[in-house]
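Visitor: Pasted the sequence and its predicted model underneath.
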Number of protein chains: 2
Amino acid sequence: MTAKAHYVRPLDLKQGRVDMSHGAGGRAMQQLIGELFVRHLGNEALAQGNDGAVLTGLTIGRDEVAVPSAARDAAQRHPFGERLVMATDSHVVSPLFFPGGDIGALAVHGTVNDVAMMGARPLSLSAAFIIEEGFPLADLERIVLSMARAAQEAGVAIVTGDTKVVERGKGDGVFITTTGIGLLPVGRDVGGARARPGDVILLSGSIGDHGMAIMSARAHLAFDAPIVSDTAPLSGLTEALFASGGEIHVLRDPTRGGLAATLNEIAAQSGVGLLLDEQAIPVKPEVAAACELLGLEPLHVANEGKLVCICAAPDANRLLAAMQAHPLGREAARIGEVIADEHRFVQMQTAFGGRRIVDWLAGDQLPRIC
Amino acid sequence: MTAKAHYVRPLDLKQGRVDMSHGAGGRAMQQLIGELFVRHLGNEALAQGNDGAVLTGLTIGRDEVAVPSAARDAAQRHPFGERLVMATDSHVVSPLFFPGGDIGALAVHGTVNDVAMMGARPLSLSAAFIIEEGFPLADLERIVLSMARAAQEAGVAIVTGDTKVVERGKGDGVFITTTGIGLLPVGRDVGGARARPGDVILLSGSIGDHGMAIMSARAHLAFDAPIVSDTAPLSGLTEALFASGGEIHVLRDPTRGGLAATLNEIAAQSGVGLLLDEQAIPVKPEVAAACELLGLEPLHVANEGKLVCICAAPDANRLLAAMQAHPLGREAARIGEVIADEHRFVQMQTAFGGRRIVDWLAGDQLPRIC
């Protein structure tokens, strides 16, 4: 494949309209964020383009050490100096209930994972509901119960919320926006801009499960081996990675736009190229089959319980072992490396020995996946 | 009027459906929150029923003092011990643009004010957009610019966000969910449960402006004196109140459901009665006229730039003077007092010397006001 220019026409802010691609996690969404949101709301945190923001100007102490006796030396206050992280996600997944989860679990996991991908420990969530008039209370209760279970599993509390109702035909069942805050321990420094040539790319498991579970439910496809969403809270896995002591540069969960979008984001943020080994990327046979049937590439399909970890090469084996020892990382694999490349391409070594460019998804073939 | 029983049938969680009243800020919404959200997501912060949550287990220090030299004594770290507050609101106002504001300004003010009503200083916001396919980019830019101005005016940064797009007919232009965090300084302790018999009720200005501006825009009503929304960030006003040194027990902004809903919430939370003086409650003549035309009571109409302050009686004059000295409190008034009442009624002394019960609004006469 020849290298494609990354040139995109600027947004037409006079005559243009929002289309489905602006919410698809690909290049159109990045453009909308850059040319509209970051441009006008601009601040350092927002411009960094990570899954959340590290708040500057504040540090945190746990209560038990926050009111130290005057005799205790400053140096002994260990947790002092933690930083606050904030992340938010609206969830508009359709259908609301799908194999392996529902919008409630997804709304908790999505934001817990965004906080975890900042290197932080999730602490509290808010939850805001926009409900369509006529929505069954029984479905709402099922969703809220699912949120409660997910929050408990992830060890976070849902501390505040909001409820709005819109007229029939002005919404779609229920939309849930969760916002999370978490604590970033001292010494952790991960971000999409920290990948360096020579780093190793790890992936915590098989790709495409969530997106294909949704697509199958939507298309009423039945397979011999049913496809189940991988939606899960990843903060336990990230804590296990940090506990291993390996040097982690980037953490990101490949949600909308799939692994392809996530890796292209990282390549752009870090100013590097990424070289993947196609054969090393785990894909479940039923997911591969469903993708083929629907004309999709697993690389572009959303995940909700997987993470990419880019790390210093000497620590790759240790981090991979830590992943594989965790229930959510048993199928973890080393899938490639970071290379110097001024074009910031994501390339893939194919099974046949060639190389191809892995691009963002154009348009939105998978709307409302989360 | 005779006292009405506050008995309400439990939600029908098997056959029931969400209707517009569940988002209206009245008793039906309180019931949904209590019987569904608080019941299943239950935790202390959520159950308190305030505009946001104070997070337990954490204290905050500012950066400049957070890494003290070992020589500096713990007692000198003044801001240490501040607490974190979190609040969230989805905004679904219709129309998106209205006299005096738009959904962007409202989304910033709404959450800034919820944080301020907890007694905290707003610090950072997240903003999550759910956009309907086909929405004009020019309108989106206008809204984002309005958010930027509102955030700057309120002294908060919008640090992280999210963008989702739903198909035409599955949303309504744009919905914006903002979540705010703020710092609660040491020694401030306000909440809906802290009103005590003998306390004085202050109101920062005229009621009904926001709701009637929206209703007028929606009904294409033209008045000689146009009605303009009061949407504004109230954190400057609350800081002025705290700076006065007066003992503040409750702060709340009477949004959805109007002053009537807010006062009934407080009466229920604190287990007290409230007695209002009808003649003391400021209502602009044009708002009163529009309310009469549409068959509404100003007491039930939403505000977005007003607050109720319930305070210790000896400090009422000092706090009223502090309000009136602030640009957003020039028309502030003393509107009533807290009384002992096991029925937790909100009553009003009418202009004719009688008393009537001020109840929650039944149903939703004013849908999608914020």
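Guide: Arrived safely. Residues are numbered from 1 along each chain as shown, chains lettered A, B, ... in the order given.
Visitor: From here on, just use CA atoms for contacts and neighbour counts.
Guide: OK.
Visitor: Quick check: the closest residue to chain B within the stretch 251-370 of chain A vs B:E132, distance?
Guide: Of the residues in the stretch 251-370 of chain A, the one nearest chain B is A:R368, at a distance of 6.9 Å by CA to the nearest CA. Relative to B:E132, A:R368 is positioned 12 Å away (CA to CA, to the nearest Å).
Visitor: Kindly report the same for A:A219.
Guide: Counting by CA to CA, the gap from A:A219 to B:E132 is 23 Å.
Visitor: just to revisit the earlier point, which of A:R368 and B:E132 has more neighbours?
Guide: Looking at A:R368 and B:E132 with other CA atoms under 10 Å in any protein chain shown, you find the greater number of neighbours at B:E132, namely 25 against 21.
Visitor: My guess is that one contacts B:G173. True?
Guide: Yes. If you go by CA atoms under 8 Å, B:E132 and B:G173 touch, sitting 5.1 Å apart.
Visitor: ok, now which ones touch A:T262?
Guide: A:252-255 (CA atoms under 8 Å, 6 or more residues apart in numbering or on different chains).
Visitor: name the element it belongs to?
Guide: For A:T262, the host element (DSSP states H and E) is helix A:258-270.
Visitor: Which of the contacts of A:T262 fall in strands?
Guide: Judged by DSSP state E, the subset of these located in strands is A:R252.
Visitor: Three-state assignment for A:M86, please.
Guide: With DSSP: H, G, I helix; E, B strand; the rest coil as the basis, A:M86 sits in strand.
Visitor: mind checking the SS state of the closest residue to it other than its chain neighbours?
Guide: Once flanking residues are discounted, A:M86 sits nearest to A:I181: 4.5 Å by CA to CA, 6 or more residues apart in numbering or on different chains. Classification of A:I181 by three-state DSSP places it in strand.
Visitor: Near A:I181, how many residues? Count them for me, please.
Guide: Around A:I181 there are 28 residues (other CA under 10 Å).
Visitor: was I right about it contacting A:V115?
Guide: Yes. When contacts are counted by CA under 8 Å, A:I181 is listed as touching A:V115 (6.8 Å).
Visitor: Quick check: neighbours shared by these two?
Guide: Among the neighbours of A:I181, those also in contact with A:V115 (CA under 8 Å, 6+ apart) are A:85-87, A:122.
Visitor: ranges for the helices of the stretch 1-150 of chain A?
Guide: All helices of the stretch 1-150 of chain A, identified by DSSP state H, counting those that start in this stretch, fall at A:27-32, A:39-41, A:44-47, A:63-66, A:103-117, A:137-154.
Visitor: thought A:A225 was touching A:E286?
Guide: Yes. Counting by CA under 8 Å, A:A225 does reach A:E286; the two are 6.3 Å apart.
Visitor: who has more neighbours, those two?
Guide: Using other CA under 10 Å as the criterion, A:A225 and A:E286 rank with A:E286 on top: 16 against 9.
Visitor: For that one, give me its contacts.
Guide: Listed by CA under 8 Å, 6+ apart, the contact set of A:E286 reads A:223, A:225-227.
Visitor: Could you rerun that using 10 Å?
Guide: By CA atoms under 10 Å, 6 or more residues apart in numbering or on different chains, the contact set of A:E286 is A:209, A:212, A:223-227, A:292.
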